[in-house]
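Peer 1: what would the 3D arrangement of this be:
(one chain, ligands or ions: 1)
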Amino acid sequence: MNTTIKCEAYENCGVIRDLAELYKERLVSPETEKAVRTHLKTCSACRKYYQDYDAAMREAPQKPAPMHESMAGTELRLWQNLSEKMRRRRTVQIIGTGAVIGAGSIMLAVGLIMMSKSMGGLK
Ligand SMILES: [Zn+2]
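Peer 2: As a prediction, this is how the structure comes out:
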């Protein structure tokens, strides 16, 4: 018989564990937070995982928790994808802000050129 720990109520333990970092950083939506909390109530394996995560965070508050080693390959990839997505979203925001500022200064520059031209024309 296979003796892998199986969640009592859910099949998505991997998802819940992937969310550990975001959950602890309070970056999840209220729905997700509720789902995680409900899951932890019924799943002792994930509860243990979150406790271990907490302990690791307390031990090394400066460094990222050494969670990678305890993760299976697939879970690690999911986790990396997730943080990659978060980073990309932040970059898009920065680019967006830059584009708005850029467009604004181009418009300003064009306006100044037109103004100086029409002023030159008056001479
Ligand atoms: Zn679970």
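
Peer 1: contacts for the helix or strand containing residue 22 next, please.
Peer 2: If you go by DSSP states H and E, residue 22 is part of helix 20-24. With contacts defined as C-beta atoms under 8 Å, 6 or more residues apart in numbering, helix 20-24 is touched by 28, 32-33, 36, 49-50, 53-54, 57, 65, 67, 79, 82-83, 86. C-beta: built from backbone N, CA, C; applies to glycine.

Peer 1: what's the closest of the residues you listed to residue 12?
Peer 2: Among the contacts of helix 20-24, residue 36 lies closest to residue 12 (C-beta to C-beta), at 10.5 Å.

Peer 1: surely the closest one is in contact with residue 16?
Peer 2: Yes - if you go by C-beta atoms under 8 Å, residue 36 and residue 16 touch, sitting 5.8 Å apart.

Peer 1: who has more neighbours, the two?
Peer 2: Comparing residue 36 with residue 16 by neighbour count (other C-beta atoms under 10 Å), the higher total belongs to residue 16, at 23 against 20.

Peer 1: please, which helix or strand holds the more buried one?
Peer 2: helix 13-18.

Peer 1: what does that helix contact?
Peer 2: With C-beta under 8 Å, 6+ apart as the test, helix 13-18 has contacts from 7, 10, 35-36, 39-40, 43, 45-46, 49, 71, 74-75, 78-79, 82.

Peer 1: of those - the most surrounded one?
Peer 2: Going by other C-beta under 10 Å, residue 46 tops the contacts of helix 13-18 with 24 neighbours.

Peer 1: as a whole number, average confidence for stretch 34-44?
Peer 2: Over the span of stretch 34-44, the pLDDT mean works out to 94.

Peer 1: near the ion at all, that stretch?
Peer 2: Yes - taking C-beta under 5 Å from the ion as the criterion, stretch 34-44 and the ion are in contact, through residue 43.
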